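Enquirer: Predicted model follows, preceded by the sequence.
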Amino acid sequence: MPTYDFPQDLRDAQLALHETRAQYEQYARTLPWSAEPMPGWESEKQPYTSFRSGKTDSPGYTDEQAAEITRLKARILELGIIVSTHPFWSSVESGVVDARMALKHVHEQPAEA
């Protein structure tokens with residue numbers, strides 16, 4: 001697999017994208033299942049099992065929760081645009097997909113001495 005000399009600003013943007021996406025996913029797991037207040041529900045019992053799927057009532061997001069989700073989504077979009085439109089990509093003659101995949105994992109490699 002070829003190696004790529006990614007510019008530091010591209011590496012930084014990709015790492016920030018990883019971190020922001022992880023923050024978004026972690027935060028979203030703490031939120032109610034619906035952004036708007038919604039009544040809960042329970043399905044009918046299915047044959048051959050006693051399991052019933054359902055959800056409790058959702059109070060919806062608070063203004064602060066909605067603002068944080070909006071902020072994180074906007075940052076993910078901003079960083080995605082920075083990474084995908086970086087001038088570096090015009091220097092890759094072939095194998096752009098391989099280069100993109102390498103960038104996604106470049107932060108996992110040990111730092112050079």
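Expert: Happy to help now that I have it.

Enquirer: Can you get me a residue count around residue 5?
Expert: A count of neighbours around residue 5, defined by other CB atoms under 10 Å, yields 6. Any C-beta I mention is one placed from the backbone N, CA and C, and that applies to glycine too.

Enquirer: ok now do it, which residues does it touch?
Expert: With contacts defined as CB atoms under 8 Å, 6 or more residues apart in numbering, residue 5 has no neighbours.

Enquirer: And it, how close does it get to residue 47?
Expert: Noted for residue 5: a distance of 61 Å to residue 47, by CB to CB, to the nearest Å.

Enquirer: and if you look at residue 29?
Expert: 32 Å.

Enquirer: These two: which is more packed in?
Expert: residue 29 (7 against 4).

Enquirer: does the residue nearest the centre of the chain belong to a helix or a strand, and which?
Expert: Taking CA atoms, centre = their mean, the centroid of the chain lies closest to residue 21, which sits 3.3 Å from it. Take DSSP states H and E as the rule and residue 21 turns out to sit in helix 8-28.

Enquirer: buried stuff in that helix?
Expert: Taking 16 or more other CB atoms under 10 Å as the neighbour-count basis, helix 8-28 is seen to contain the buried residues 10, 13, 14, 16, 17, 20, 24.

Enquirer: Correct me if wrong: the third one contacts residue 102.
Expert: Which is residue 14. No - taking contact to mean CB atoms under 8 Å, the distance of 10.3 Å between residue 14 and residue 102 leaves them out of contact.

Enquirer: Mutual contacts of these two, please.
Expert: Taking CB under 8 Å, 6+ apart as the criterion, residue 14 and residue 102 both touch residue 6.

Enquirer: pLDDT weak spots in the chain?
Expert: Low-confidence segments of the chain (pLDDT under 70): 1, 111-113.

Enquirer: Residue 12 and residue 83: what is the separation?
Expert: Residue 12 sits 10 Å away from residue 83 when distances are taken as CB to CB.

Enquirer: again but with residue 22, I slipped
Expert: Between residue 22 and residue 83 the distance is 15 Å, computed by CB to CB.

Enquirer: Ok, residue 92 next?
Expert: Between residue 92 and residue 83 the computed distance is 13 Å (CB to CB).
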